[in-house]
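> coordinates only, sequence not included:
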């Protein structure tokens, strides 16, 4: 029996509301959660938006999960662009 998927943790209301528009694009709660974290830090006052700095800003011990997300989960996802333009 496969383990149940992890549910994404709550975030700031406006990030949650914005990200919710994209929820249908993510099969795994973990990927959706990383998407929300990236959005949160991209809008923050963080002076340098590198993956290690973003990871530190959201409390991750390293930027590996962010890197994997950007490389494997989003990529050239046409539905992401369509949703964004809507």
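The structure has been received and is ready for your questions. Bear in mind that the values here come from a model prediction, so they are computed numbers and not experimental data. Numbers count the residues shown, from 1 in each chain.

> got the contact list for the residue positioned nearest the centre of the chain?
Nearest to the mean C-alpha position of the chain, by C-alpha atoms, centre = their mean, lies residue 35 at 1.0 Å. Residue 35 makes contact with 19, 22, 26, 69, 73-74, according to C-beta atoms under 8 Å, 6 or more residues apart in numbering. C-beta here means a position set from N, CA and C on the backbone, and glycine is covered the same way.

> Got a PyMOL select line for the buried ones in the residues you listed?
A single PyMOL command suffices to select whichever of these are buried according to 16 or more other C-beta atoms under 10 Å:
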select buried, resi 19+22+26+69+73+74
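
> Lowest-scoring secondary structure element of this structure by mean pLDDT?
None of the helices or strands of the chain scores lower by mean pLDDT, DSSP states H and E than helix 78-85, at a mean of 82.

> Could you give me the buried positions within that one?
In helix 78-85, counting by 16+ other C-beta under 10 Å, buried: residue 80.

> Give me the pLDDT value at the residue nearest to the centre of the chain.
Note for residue 35: predicted pLDDT of 87.

> and what of residue 50?
We have a pLDDT of 92 for residue 50.

> Residue 64 too?
pLDDT, read off for residue 64, is 90.
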